[in-house]
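Asker: 3D, please:
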Amino acid sequence: MRDSSGTKAFAFTGDWREFAPIAFTNLLLSIVTLGVYLFWARTRERRYLWSRTRFIDDRLEWTGTGRELMVGYGLAMLIFVIPFGFINLVVLNSAVMRGHEGLAGLIGLALYLAFFFLTGVAIFRALRYRLSRTLWHGIRGGSDTFGLAFGWSYLWKSVLGSFSLGLLVPWTMTSLWNERWGEMSFGPYRFEANARAAPVFVRFLLFYLAPVVFVFAVIALAVLGVVAGGLGSWRSLPAGGAAPFVLFAVVAGFYVLFFVVLGLIALVYYAAYFREAVGALRLGDLDFAFTATTRDWIALFAGNIALVVGTLGIGQIFVGYRNWSFFIRHMHAYGEIDLASLTQSTTRRPGQGEGLLDAFDIGAI
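Answerer: Purely as a prediction, here's the structure:
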């Protein structure tokens, strides 16, 4: 979608030099306060990123507060994380020490399933909170659903994906995307999501089979080495010579290569998944699209890694800026929106932030 000036519907006008004072101030204050300022730091960062993001004819506005994020995190720790830790460290170990292995197994299984359920609730409520604090033309989004149904759905679909040896992962991801966004709205309009697993399954299969192919390749190379006399020449090396070092280098090289290659193949799949997911999203008469290719995703992650490693970790403060800029640059919208019919959302406005998401350390853009 393009406005009357012919510009792209989404645009980001931020500048890293303009963002740098905010990032470094957030870092220093977070260190001085032993991490307490992190909630306000995140709020300042979002307020800047949202204010530099234009959609059609108006900029976004972030209205969340650091206090909301801190209260949400505190409640999550008090109600869920601390009891989880007590049950795991005290109750579970006590059952094992008393010889009740069966009971301990049931408790462990219950904790495992509860964690999946609460993870689903956390993901749902984080999106609901962000939409409720995002304004465009003074209009906000949100949802009247608390996320409990999504938590159960996240649980059983994740378990089903495990029982299918992971082959149902694309279906799980797309169906959960559809279910989560289908419960959200912005202003008077409800989101519609119809992402499909079929268009991305081939790429997932490439990722799924990569470890198997890699293992067979290593075995084949080892066999060829033995056949070619490599084993004999290896044994001819003097004891305590270069053999241990060479062996370690070979094993480490294969290990690094395995995860690098697997990570690249994972990006091949995720690029296709995200294009399918966003492309299946609709709000009123607006359709959305995401145009980032696999090469774009690789460039983003490689740039983030180089930034963090090259600055000995300090560059982490710019990763959120880079991710948001990447997202907006590749986001598109097509269709029409009637501003005269755009009324304020009547959905509930949650009082706390992304507590469960932070407590379980679940990342998201």
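Asker: Ala272: neighbour count?
Answerer: Using other CB atoms under 10 Å, Ala272 has 19 other residues around it. All C-beta atoms are positioned from the backbone trio N, CA, C, and that covers glycine.
Asker: that one: what secondary structure?
Answerer: helix (DSSP: H, G, I helix; E, B strand; the rest coil).
Asker: so it touches Phe201, yeah?
Answerer: No. Between Ala272 and Phe201 there is no contact under CB atoms under 8 Å: 9.5 Å.
Asker: quick one: residues contacting Trp62.
Answerer: 43, 46-47, 49-51, 133-135 (CB atoms under 8 Å, 6 or more residues apart in numbering).
Asker: beta partners for it?
Answerer: Beta bridges link Trp62 to Thr134, judged by DSSP bridges.
Asker: find me the pLDDT at it, would you?
Answerer: Trp62 carries a pLDDT value of 96.
Asker: quick check: pLDDT value at the closest residue in space to Ile317 that isn't next to it in sequence.
Answerer: Leaving aside its sequence neighbours, Ile317 sits nearest to Ala23 (CB to CB, 6 or more residues apart in numbering; 4.0 Å). Ala23 is assigned 96 on the pLDDT scale.
Asker: tell me if Ala23 really is in a strand.
Answerer: No. Ala23 is assigned helix when assessed by three-state DSSP, not a strand.
Asker: residues near it, how many?
Answerer: Neighbours of Ala23 (other CB under 10 Å): 22.
Asker: my read: it touches Val319, true?
Answerer: No. Counting by CB under 8 Å, Ala23 does not reach Val319; the two are 9.8 Å apart.
Asker: quick one: end-to-end distance for stretch 343-350.
Answerer: Using CA to CA, to the nearest Å, one end of stretch 343-350 lies 19 Å from the other.
Asker: swap in stretch 183-192?
Answerer: Start-to-end span of stretch 183-192 (CA to CA) is 9 Å.
Asker: what about the residue nearest to Ile317, distance to Phe318?
Answerer: Going from Ala23 to Phe318 by CB to CB, to the nearest Å gives 6 Å.
Asker: enumerate every residue touching the closest residue to Thr347 other than its chain neighbours.
Answerer: Nearest residue to Thr347, sequence neighbours excluded (CB to CB, 6+ apart): Gly142, at 3.5 Å. Neighbouring residues of Gly142 by CB under 8 Å, 6+ apart: 128, 131-132, 184-185, 345, 347-350.
Asker: now the residues you listed in TSV, with secondary structure and pLDDT?
Answerer: Formatted as TSV, the contacts of Gly142 follow (DSSP: H, G, I helix; E, B strand; the rest coil; pLDDT from 0 to 100):
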residue	secondary structure	pLDDT
Arg128	helix	91
Leu131	helix	93
Ser132	helix	92
Met184	coil	95
Ser185	strand	94
Ser345	coil	84
Thr347	coil	85
Arg348	coil	81
Arg349	coil	81
Pro350	coil	78
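Asker: can you say which of those are buried?
Answerer: Among these, those scoring as buried are 128, 131-132, 184-185, 345, 347, 350 (criterion: 16 or more other CB atoms under 10 Å).
Asker: max pairwise distance over these: which two?
Answerer: Ser185 and Pro350 (14.1 Å; CB to CB).
Asker: so where is the stretch 151-300 of the chain shaky, pLDDT-wise?
Answerer: Confidence mapping of the stretch 151-300 of the chain against pLDDT under 70 gives the ranges 218, 220-257.
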